[in-house]
Structure formats: C-alpha cells, structure tokens
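Enquirer: give me a model of this one.
(one chain, ligands or ions: 2)
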Amino acid sequence: MSDFPFDTILFDLDGTLVDSNRDLAPAVNHALAFAGYEPIPESEIRNFIGGGAGLMLRRALEAKGEQPSDERVAELNDVLLTHYWAHIADNTVAFDGVIAALDDLAAKGCKLAVCTNKLEQPARQLIEALGMTRHFAAIYGGDTCGPGRGKPEPDMLLAAIKDCGGTRAAMVGDSTYDVRAARNAGVPVVTLSFGYHDVPVGDLGGDVLIDHFDDLPAALAKLG
Ligand SMILES: O=C(O)COP(=O)(O)O
Ligand SMILES: [Mg+2]
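Expert: Ligands and ions are numbered 1, 2, ... in the order given. Coordinates of the predicted model:
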C-alpha cells in the first residue's frame, strides 16, 4: 500500500500536459487573417489560452483594438476551430517529462484524469493522437458538464474525482482558471513556471510552483 498522499491527480491539458500553442496560435492567426488582421506572435497568444477557445479569440481581437460582440466571436471561433481541429496534433507535443511523471504517479497508485477547458471531443482527439489516452481514467472538457460549467467552476474536477473513485485529489495546471477551479473544488493545486499564464506567474496563487514535470511527484508528496 502506497503512502503517497493523493489517490487522484487532475491535469489541465493546454500548457500543462501539452505544448499546444504550436497549433493553437496558427489557428488564432488563421481566424485573424479571415477577419483581415495581421498575425499576432505565438509568444503573445500563449497568454490568451486557458478560458476556452472563444475567450482566447476574444483576447486576440481585443489586442487588435476590437470590442467584439458575442456573435462576432462565435462566427470567427467557427473559423478558428475548423482550422484547429484539422491541425490539432500537427506540432503539439507533451512537455518534457510528462510521460515519465504520469507513469510514476500511476505506479504510486494514483488514478489520473484530464480536466480541460477545451471541448471534450477535440481534447480526446488530441490526447489520442499523442498516444496518451491509456494514462487517463477520465477526460473532461469545458462542455462536458454543460454550458458555463467549465473551469473555474468545480464541476468537472468533482466529476472526475468521482469517476476515479478518489478521496484525496490534487490539481495540476498553468492558469488562474485551474487554480480557481481547484479552490472551488477544495483540492490543492500545483502550478507550472513553463505553462501558459493569464497573469504573471507569481500571481497564479497555487500551492506550489514547479519548473519541470520531474519535480511533480515530490511536489505532490510534500503537499499532502
Ligand atoms: O482551451 C483553452 O483555452 C484552455 O484549455 P486548458 O483548460 O486545457 O488549459
Ligand atoms: Mg492550461
């Protein structure tokens, strides 16, 4: 019997498990080009990620000086998503050390789940394309628990913990959506210095910040 303090680890996807900005940024720029705008550098788009594709696009349009209506965002989001889903795993890779950390946590007896604000279907498509499906007992997307129930609401975290039969869970994420969702679900949260941050990294407000996935099991052990 493992003395590891957690039995369930919940992972954000974009900017946490995978470096997906490599394919998200071109999709944002495809939608911007459709709207007649010049591209935004990938290094800027990465900080727009975390609250779902619509919010990412809204931030990109605001960076161009627009105050877009919901209808405008919805229309251009269709353009963005059609492009993104056709290129979802062209350049996206798992961050360094992710697979070893997932294997290590599983060996310690943890069930693992994904809780992403990406829509569930493309999230599954991406995880499958990267050969990572086998690691996860549950995969939740921003739409799985219904409209408006993505992070920072706690619904998907609580549902994933239940699916895993967990009693002691922790979250791992890169944005304030993850930290707030974890707080709302009452679970501790590890943040990453290398993910996509919607606020300065020092303001994320998680319980512990790590620089590499190699450090995750020890960080969780200390948190427990
Ligand atoms: O789609 C997004 O903006 C964010 O996705 P994430 O919750 O996996 O970071
Ligand atoms: Mg993220």
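Enquirer: bridged to the closest residue to residue 94 other than its chain neighbours, which residues?
Expert: Excluding the flanking residues, the one nearest residue 94 by Cβ to Cβ, 6 or more residues apart in numbering is residue 18, at 5.5 Å. (Glycine included, C-beta is placed from N, CA and C.) Here residue 18 sits in beta bridges with residue 14, residue 94, going by DSSP bridges.
Enquirer: how much space between residue 18 and residue 95?
Expert: As for residue 18, its distance to residue 95 is 7 Å (criterion: Cβ to Cβ, to the nearest Å).
Enquirer: of those two, give the one with the bigger neighbour count.
Expert: residue 18 (25 against 18; other Cβ atoms under 10 Å).
Enquirer: touching, that one and residue 96? I think so.
Expert: No - Residue 18 is beyond contact range of residue 96, at 11.4 Å (criterion: Cβ atoms under 8 Å).
Enquirer: can you get me a residue count around the closest residue to residue 201 other than its chain neighbours?
Expert: Closest residue to residue 201 apart from its sequence neighbours, by Cβ to Cβ, 6+ apart: residue 193 at 5.8 Å. Per other Cβ under 10 Å, the neighbour tally for residue 193 reads 13.
Enquirer: who's in contact with residue 193?
Expert: Residues counted as contacts of residue 193 (Cβ atoms under 8 Å, 6 or more residues apart in numbering) are 201, 209-211.
Enquirer: rerun that using 10 Å as the cut-off
Expert: Residue 193 makes contact with 174, 201-202, 204, 209-212 under the criterion Cβ atoms under 10 Å, 6 or more residues apart in numbering.
Enquirer: of those residues, grab the buried ones for ChimeraX.
Expert: A single ChimeraX command suffices to select whichever of the contacts of residue 193 are buried according to 16 or more other Cβ atoms under 10 Å:
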select :174,204,210
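Enquirer: ligand 1: which of the contacts of residue 193 is nearest?
Expert: residue 174 (6.5 Å; Cβ to the nearest ligand atom).
Enquirer: name the helix or strand for the nearest residue to that closest one once chain neighbours are set aside, please.
Expert: Closest residue to residue 174 apart from its sequence neighbours, by Cβ to Cβ, 6+ apart: residue 195 at 2.4 Å. Per DSSP states H and E, residue 195 falls between elements, in no helix or strand.
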